[in-house]
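K.L.:
quick one: sequence plus predicted model below, questions after.
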Amino acid sequence: MSTIPTTEIIIFETSEKFREDVSFLRPAFDIVLKADGVHKPVYSGLQIENPATGYIFLNWDSLAHHQAFMTSSSYGPLLEALKPAIGGPLKMYHVIFNDHPTFRQPVTEVLLITLKDPSHRAEVFDILNKLSDLTEKKLIFGPTLEDENAIILVGGWSSVEAHWEMVANPEPKAAVERLFVLANKDHLFHTALSSYAGK
């Protein structure tokens, strides 16, 4: 299989058990971290604004590697291990980011936008590149492989307040305002991720 580093992102409704203890997912992570083509560690966390939403980030050598794992005998046990942590619907995305994701900052911004018109793609990517430059490359982004008009941006910040302070400055503020003229803001929240590299 060819290698095109791809990030799997799961946004899910959390169970009370997971909200009480995010390490509750470790048995599931122990299963997936043995898969061919997966990168350690796995990152997970609760949404800061509303802990009823959780996040999992997992880096793979390629989408094909993740798809191969989903057809393997380990996938059923993984789903069973995940069930107690998931309290409702989940959405899975795959993104080839414009830079390698590290998720090492205390707070991770998660923004999901959808282009209002595909003809705006070039301008939207110009704005995202400008925002990345203005934040000293704190932001990475890419279209989802499920829908090329849906784009996920992930930002690393020292705090939620640091994010809002940055985008309140005139230049990034103007760029963000233009961005939301061209694209729908489907999801803009923050999480504090913890990493787990397996047993």
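P.N.:
Here it is on my side, so go on. Please read all numbers here as calculations on a predicted model, not as lab measurements.

K.L.:
point to the residue nearest the middle of the chain.
P.N.:
Central residue of the chain (Cα atoms, centre = their mean): residue 9, 4.5 Å from the mean position.

K.L.:
quick check, pLDDT for that residue.
P.N.:
Per-residue pLDDT puts residue 9 at 97.

K.L.:
can you tell me, leaving aside adjacent residues, what's nearest to it?
P.N.:
residue 93 (4.6 Å; Cβ to Cβ, 6 or more residues apart in numbering). In short, each C-beta sits where N, CA and C put it, glycine included.

K.L.:
got it, and residue 65?
P.N.:
residue 37 (2.9 Å).

K.L.:
tell me how far the one you found lies from residue 90.
P.N.:
22 Å (Cβ to Cβ, to the nearest Å).

K.L.:
neighbour count: the two, which is higher?
P.N.:
residue 37 (18 against 15; other Cβ atoms under 10 Å).

K.L.:
so the more buried one makes contact with residue 58?
P.N.:
No - between residue 37 and residue 58 there is no contact under Cβ atoms under 8 Å: 10.6 Å.

K.L.:
which neighbours do the two have in common?
P.N.:
Shared contacts of residue 37 and residue 58, defined by Cβ atoms under 8 Å, 6 or more residues apart in numbering, comprise residue 66.

K.L.:
which outside residues touch stretch 149-164?
P.N.:
By Cβ under 8 Å, 6+ apart, the surrounding residues in contact with stretch 149-164 are 9, 48, 57, 93, 95, 97, 101-115, 118, 121, 124, 128, 135, 138-144, 166, 183, 186, 190.
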